[in-house]
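Chemist: mind looking at a prediction? Sequence and model below.
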Amino acid sequence: MSLSELPLKKRARIRRIRAKNEAIRSRLHALGVVKGERVRLLNHTLANQTFEIEAGDTRLALRKEEADSVEVEA
C-alpha cells in the first residue's frame, strides 16, 4: 500500500520508494523518507492532496504524488 492509503494515526515501515522522478526521490531522501524508516500518517487535507507525516522525529508535508510513491507495510 502507498503512504497516501495508510489510515490516519497508523504507523508503518517504508518498504520502498517507487518515485520515477529523480527530483522527487532526492527530496524524499533528503527529508529522511527512506527504506526501513518508520512513518505515521498524522493528517491530510480534505481533498487528499497534501499529507502530514512523521518520519522518525521529523514532521513534514508531502504532496499526493510524493505520498503515492512511498510503499509502506503496516
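Modeler: Yep, it's here.
Chemist: low pLDDT regions in the chain?
Modeler: Along the chain, segments meeting pLDDT under 70 are nowhere present.
Chemist: quick one: the helices in it?
Modeler: Under the criterion DSSP state H, helices of the chain are mapped to 22-30, 64-68.
Chemist: out of those helices, deepest packed?
Modeler: helix 64-68 (a mean of 19; mean count of other CB atoms under 10 Å). In short, each C-beta sits where N, CA and C put it, glycine included.
Chemist: for that one, which outside residues touch it?
Modeler: Residues outside helix 64-68 that contact it (CB atoms under 8 Å, 6 or more residues apart in numbering) are 2-4, 19, 24, 27-28, 48-51, 53.
Chemist: from the chain's centroid, how far away is it?
Modeler: When C-alpha coordinates are averaged (CA atoms, centre = their mean, to the nearest Å), helix 64-68 and its chain have centres 7 Å apart.
Chemist: L60: how many residues sit nearby?
Modeler: Residues lying near L60 (other CB atoms under 10 Å) number 16.
Chemist: what does I14 give?
Modeler: Each residue near I14 was counted by other CB under 10 Å, and the total is 19.
Chemist: that one: what's it in contact with?
Modeler: By CB under 8 Å, 6+ apart, the contact list for I14 reads 3, 33-39, 70-72.
Chemist: hmm, 7 Å instead?
Modeler: I14 is in contact with 33-37, 39, 70, 72, counting by CB atoms under 7 Å, 6 or more residues apart in numbering.
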